[in-house]
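Chemist: Fold the following and give me the result.
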Amino acid sequence: MSTAQDKSGKQPSENRKKMTARLMAVQAIYESGHNGEPLEQVLRDYLDNRSGMEIDRQKLETPDKELFLKISRGVSARREEIESILSGHMPSKNEDAPGKNVEPLLKSILLCGIGELLLHADIDPPLIINDYIEVTRAFYDKGEISLVNGVLDKVSGLLRS
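Modeler: Numbering: from 1, shown residues only. Coordinates of the predicted model:
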């Protein structure tokens, strides 16, 4: 892997650290919600025991700790607002309950993506959206990837207009 700078002037490894932070934030939000563990306990576990973890036999970069914590804590603190935004932008077969039938891991991806769009007005939305598409790609197929792209794109238009 080259150490040349990308268009933003950042080293590629810094971009991978941000991607890992986003992936770990999704997993932490999912785990905390699914297992009912306090978020701070899950965050400590991830930082103490899961840095450098492997997914699909590839070792992940050490995460950007600040970004990981900011996304995770931001989603937790603003969950009600983020859930409301999500439900207003989810396509649904049942118009009475948009977003209610979303699988928990996919919902965690969307919550973190929306949360980061809310929290990071200084980062271009396509950069955020692209990373959450890549996180989705690690777990799902084409339909879910399109869903994440569509929802986050709509939400970014709303938040950044």
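Chemist: For my notes, confirm residue 150 occurs in a helix.
Modeler: Yes - under DSSP: H, G, I helix; E, B strand; the rest coil, residue 150 falls within a helix.
Chemist: what about the residue nearest to it when sequence neighbours are not counted, which SS state?
Modeler: Distances taken as CB to CB, 6 or more residues apart in numbering place residue 91 nearest to residue 150, at 7.5 Å, with adjacent residues excluded. From N, CA and C alone the C-beta is placed, and that goes for glycine too. Following three-state DSSP, we place residue 91 in the coil state.
Chemist: next one: residue 27
Modeler: When classified by three-state DSSP, residue 27 comes out as helix.
Chemist: Over to the one 10 residues further on?
Modeler: On the three-state scheme (three-state DSSP), residue 37 is labelled coil.
Chemist: All the helices of this protein, in order from the start?
Modeler: 12-35, 39-49, 65-77, 79-89, 104-119, 125-137, 142-159 (DSSP state H).
Chemist: State the number of residues packed around the residue nearest to residue 150.
Modeler: 11 (other CB atoms under 10 Å).
Chemist: Would you agree it is in contact with residue 147?
Modeler: Yes - counting by CB atoms under 8 Å, residue 147 is a contact partner of residue 91 at 7.5 Å.
Chemist: for the spatially most central residue of the chain, what are its contacts?
Modeler: Among the residues of the chain, the one closest to the centroid is residue 112, at 3.8 Å (CA atoms, centre = their mean). Residues near residue 112 by CB atoms under 8 Å, 6 or more residues apart in numbering: 22, 25-26, 29, 71-72, 75, 132.
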